[in-house]
Structures are given as C-alpha cells and as structure tokens.
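> Any chance you could fold what I've pasted below:
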Amino acid sequence: MKIAVTADGDTLKDVVSDEFEKSKYVFIVEMDDLSYTHYANNQHIDPLGIEMAKKIIDCDCEGIITGSIEEKAFDELAIAQVTRYFGAKHSVEEVVELMEGRKLDLIRDYKGGNGNHHHHDTCECGENETPLEDK
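Numbering: from 1, shown residues only. Below you'll find the predicted structure:
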C-alpha cells in the first residue's frame, strides 16, 4: 500500500505541511517495506494543489497525510477515493509510524483537521443519524 505525505522539506525529519497546497515536497511511501520517493511541488505553478493531487492519484496512493486541504484538491482526492489523514506538525518519519498504529485523524472535509462534516453534505455512513431509541 502506498501513502503520500506532504512535507516542508525533502528529508524524513522534515515536518508535514500545514497546508496541502503550500507543501514543498510530497513523499510516496510504500508501507510494506517503508521505501519512498519524493517529488518537489511548485506551488507557484499549482497554487490550488490540483496537479499534486493528480500526481498522488497517478502513483496509486491509497492515502495522503497532510495538513488542511482546500476544496478543489480535496475534491480530486475524494473522487479518487484517496483517504485523507491529518498529520501537520509531525515529521514525515513520525506520521508513517502513527499511520501504522492507526493513530491519525481523518480529514473529513475540505477545511482540514478532523471535523465531522461530510463531503457534499451527503452521508451514507449512518454517523449523523439519530439513534433508534431517540426516534
């Protein structure tokens, strides 16, 4: 399984970017053996992060660890069913370990963080339904 991680630098010690679109690098990590490659992101050419989202999708990543994500890049990733995880303020190395331990929060909406909003105001997961005993 491949996971993408956005970062402010090109080493595993560098911090995960606060904002997806402004990240300087994206790491593609093969979780089976922890091998990785990384690519520079030119946020001046791609200020909305759409091309970076497409690169992550083209690399067959099942997830992305990042900070907040603006709507257009979020939509690209969500439509491709790439799971989004919040990992800002941690190093790339730390978030890979947190990911393995299932300790990262999901990014559920385009504002980032771990909000309980659902994309396009639709939900089929039952999370926001009223419990049967309350009906």
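> Poorly predicted segments of this structure, please.
111-135 (pLDDT under 70).
> go with 50
112-114, 117-121, 123, 129-135 (pLDDT under 50).
> Strands along that one, start to end?
With DSSP state E as the criterion, the chain has strands at 2-7, 25-30, 35-40, 61-66, 83-86, 105-106.
> Quickly run through the sheet partners of the third one, with directions.
The reference is to strand 35-40. Paired neighbours of strand 35-40 in the sheet (DSSP bridges): strand 25-30 (antiparallel).
> Hey, what's the angle from the strand it pairs with to strand 61-66? Just curious.
140 degrees (axes from the mean of the first three to the mean of the last three Cα atoms, to 10 degrees).
> start the count at 39, not 1, going forward
Okay, using 39 as the starting number, the last item reads as strand 63-68.
> Which of the residues in strand 63-68 are classified as buried?
Under the neighbour-count criterion of 16 or more other Cβ atoms under 10 Å, strand 63-68 has 63-67 buried. Quick note: C-beta positions are derived from backbone N, CA and C, even for glycine.
> Dump these to a markdown table, plus distance to Asp56.
Shown next, in a markdown table, are those (distance: Cβ to Cβ, whole Å):
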| residue | distance to Asp56 |
| --- | --- |
| Tyr63 | 14 |
| Val64 | 14 |
| Phe65 | 16 |
| Ile66 | 20 |
| Val67 | 20 |
